[in-house]
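S.K.: make a model of this:
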Amino acid sequence: MATAQAQQIYLCVDAGGHKELTDTRKHAGCKPLDIPGAIPAPAPRRVEGAQRPRAPAPAPAATPGDFPRVDSGEQKARDNDRRQILQDELSGEQARLTELKREFNGGEPERRGDERNYAKYQERVANLKDSISRSEKNVEALKREIANIR
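M.R.: Numbers count the residues shown, from 1 in each chain. The predicted model follows:
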């Protein structure tokens, strides 16, 4: 089944006032029509050797004069609070990881009574693997965050 491809359509009006719809610009009196779903005309090709003027580099963002300032003592207190919160999260995540690894039992967790169907057991093992992987990534991320605190 062939699909139609939309193109840019132009309305051209000649010197005599005759209107024509076309997919190419025939002269200066052609104006592109805004048609939903139409693909815009391709940009004109660059001629070899022609240089395009470069846009000036954006100026670095300056801090506004009324931007609130925090003294170094206050910032150190905030950093210490942040470090303590991250340390607490890290210890909790490490405890969770230890529990997950204990339950995983090297890839052979004990079957539970509600897992008479082997597929349920395999699903729980796969979920444990995913949880262990996620928890290990969380531990690594928390350690990186703690290391980034000044």
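
S.K.: what strand or helix carries residue 25?
M.R.: Element membership for residue 25, per DSSP states H and E: none, as it lies in no helix or strand.

S.K.: residue numbering should commence at 592 henceforth.
M.R.: In the new count, where the first residue is 592, that last one comes out as residue 616.

S.K.: pretty sure it contacts residue 601?
M.R.: Yes - contact criterion Cβ atoms under 8 Å: residue 616 and residue 601 qualify, at 5.6 Å. C-beta here means a position set from N, CA and C on the backbone, and glycine is covered the same way.

S.K.: more crowded one of the two?
M.R.: The residue with more neighbours, out of residue 616 and residue 601, is residue 601; 18 against 14, by other Cβ atoms under 10 Å.

S.K.: check contacts around the more buried one.
M.R.: By Cβ atoms under 8 Å, 6 or more residues apart in numbering, the contact list for residue 601 reads 612, 613, 614, 615, 616, 617, 621, 622, 623, 624.

S.K.: and the closest residue to the last one other than its chain neighbours, what is it in contact with?
M.R.: Translated: residue 624. The spatially closest residue to residue 624, leaving aside those adjacent along the chain, is residue 600, at 4.9 Å (Cβ to Cβ, 6 or more residues apart in numbering). By Cβ under 8 Å, 6+ apart, the contact set of residue 600 is 612, 613, 614, 623, 624, 626, 629.

S.K.: rerun at 6 Å
M.R.: Residue 600 makes contact with 612, 624, 626, according to Cβ atoms under 6 Å, 6 or more residues apart in numbering.

S.K.: I'd like those as TSV, with secondary structure appended.
M.R.: Converted to TSV, the contacts of residue 600 look like this (DSSP: H, G, I helix; E, B strand; the rest coil):
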residue	secondary structure
612	strand
624	coil
626	coil
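
S.K.: ranking the contacts of residue 601 by neighbours, who comes first?
M.R.: For the contacts of residue 601, the largest number of neighbours (other Cβ under 10 Å) sits with residue 621, at 17 neighbours.

S.K.: pLDDT below threshold where in this structure?
M.R.: Scanning the chain with the threshold set as pLDDT under 70 gives 592-597, 628-635, 637-646, 650-651.

S.K.: 50 instead?
M.R.: Scanning the chain for pLDDT under 50 picks out the ranges 592-594.

S.K.: having no further points to raise, I will conclude here.
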